[in-house]
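Asks: Give the three-dimensional model of this entry:
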Amino acid sequence: MSAKSETKRLYEQVAEALAARIAAGEPRVGERLPSERDLAQTFGVSRPTVREAVIALELDGLVEVKMGSGVYVRAKRPTGGKAGETDIGPFELLEARRAVEGEACAMAALRMTPDTIAQLRALVDEMEDENARDVVMSEDADRRFHMVIVEATQNSAMIQAVRGLWDARSRSPQHQFLSQKVRAAGVKPRINEHAAIVEALNMRDPAAARAAMRDHLTRVIESLLEATETEAMEEARARIAQQRERYAATTH
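Replies: Next up is the predicted model:
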């Protein structure tokens, strides 16, 4: 990407470049965009970044995603005549959360109390109950779970950082749109992963707590990639395996 675009988020740069091509009729309305792999190579970015760019184009009404088939041009101009509001991308947000919340979990492990452990276990139970009734309420319990952990660090800077990431999650139109997609695909908070975090915290083991949190958020990334897959299944398996390697490489 060009140096003059450095102030923009990477996925925004890709989305703007693709929107310009669509406006020029390359590809034309009804035609399929190049594969995610090809776009990633063309722009020199990761596939999750391309996925974020496609979400932005979907929100603008420029493209339509057909699961198992690909991404197709829907219109040459955005709905309303101009590109909509953008915010932090869902995958870059999860990468940041994994880094920050992993360390928060390690810090919290040394300051756990029986009351805090009981509170976390109650939230895991609440998530499990709400998964069967209302996934939105389960996601609310999920946020409270993560905030209880960071508040246990007793570090105001860490608390502010994690709260800011969760606020960005709620604020971002791109993340909200992705959330709708993954809920429709049946993705819900994972009970066993949250329970594993609680057990590591209960052991007062910082390394185990860090690993449990990072493993959980890595699996969240994987589940979102799988739930929003657009290409043929055989292509998807190969691509997701490569993405898993990329994210796993940053967990150590």
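
Asks: okay, CA-based contacts and neighbour counts for the rest of this
Replies: Noted.

Asks: who's in contact with Ala212?
Replies: When the contact criterion is CA atoms under 8 Å, 6 or more residues apart in numbering, the partners of Ala212 are 193, 196-197, 200.

Asks: State the pLDDT value of it.
Replies: Per-residue confidence for Ala212 comes out at a pLDDT of 98.

Asks: roughly how far out does the helix or strand hosting it sit from the chain middle?
Replies: Following DSSP states H and E, the helix or strand that holds Ala212 is helix 206-227. For helix 206-227, the distance between its averaged C-alpha position and the chain's averaged C-alpha position is 11 Å (CA atoms, centre = their mean, to the nearest Å).

Asks: can you put the contacts of Ala212 in a markdown table and add pLDDT, distance to Gln119 and secondary structure?
Replies: Formatted as a markdown table, these follow (pLDDT from 0 to 100; distance: CA to CA, whole Å; DSSP: H, G, I helix; E, B strand; the rest coil):
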| residue | pLDDT | distance to Gln119 | secondary structure |
| --- | --- | --- | --- |
| Glu193 | 98 | 16 | helix |
| Ala196 | 98 | 15 | helix |
| Ile197 | 98 | 13 | helix |
| Ala200 | 98 | 15 | helix |
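
Asks: Pipe these into a markdown table and attach distance to Arg98 and neighbour count per row.
Replies: Conversion of those to a markdown table gives the following (distance: CA to CA, whole Å; neighbours: other CA atoms under 10 Å):
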| residue | distance to Arg98 | neighbour count |
| --- | --- | --- |
| Glu193 | 14 | 18 |
| Ala196 | 16 | 18 |
| Ile197 | 13 | 23 |
| Ala200 | 16 | 21 |
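
Asks: Closest one to Lys82 out of the residues you listed, please.
Replies: When the contacts of Ala212 are compared for distance to Lys82, the smallest value, 41.5 Å, is given by Glu193; criterion: CA to CA.

Asks: so who does the closest one touch?
Replies: The contact partners of Glu193, taken as CA under 8 Å, 6+ apart, are 212, 216.

Asks: cool, Ala195 as well?
Replies: Ala195 touches 121, 124, counting by CA under 8 Å, 6+ apart.

Asks: again, only this time at 10 Å
Replies: Residues counted as contacts of Ala195 (CA atoms under 10 Å, 6 or more residues apart in numbering) are 120-121, 123-125, 201, 212.

Asks: which residues in the stretch 1-150 of the chain form strands?
Replies: Applying DSSP state E, counting those that start in this stretch to the stretch 1-150 of the chain gives strands spanning 63-66, 70-73.

Asks: Out of the contacts of Ala212, flag the one nearest to Thr218.
Replies: Among the contacts of Ala212, and counting by CA to CA, the member closest to Thr218 is Glu193, at 10.8 Å.

Asks: how close does that closest one sit to Trp166?
Replies: Separation of Glu193 from Trp166 (CA to CA, to the nearest Å): 19 Å.

Asks: What of Ser223?
Replies: Distance from Ser223 to Trp166, counting by CA to CA: 19 Å.

Asks: now swap in Arg28 and tell me
Replies: Between Arg28 and Trp166 the distance is 38 Å, computed by CA to CA.

Asks: Check the offset of stretch 14-22 from the chain's centre.
Replies: 22 Å.

Asks: on that earlier part again, could you dump the contacts of Ala195 into a markdown table and include distance to Leu59?
Replies: Supplementary listing: these in a markdown table, determined by distance: CA to CA, whole Å:
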| residue | distance to Leu59 |
| --- | --- |
| Leu120 | 36 |
| Arg121 | 37 |
| Leu123 | 33 |
| Val124 | 33 |
| Asp125 | 35 |
| Leu201 | 40 |
| Ala212 | 34 |
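
Asks: Top of those residues by number of neighbours, please.
Replies: Neighbour counts for those were taken using other CA atoms under 10 Å; the highest belongs to Leu201, which has 29 neighbours.

Asks: wouldn't that residue be in contact with Ala118 here?
Replies: No: applying CA atoms under 10 Å, one finds Leu201 not in contact with Ala118, separated by 11.3 Å.
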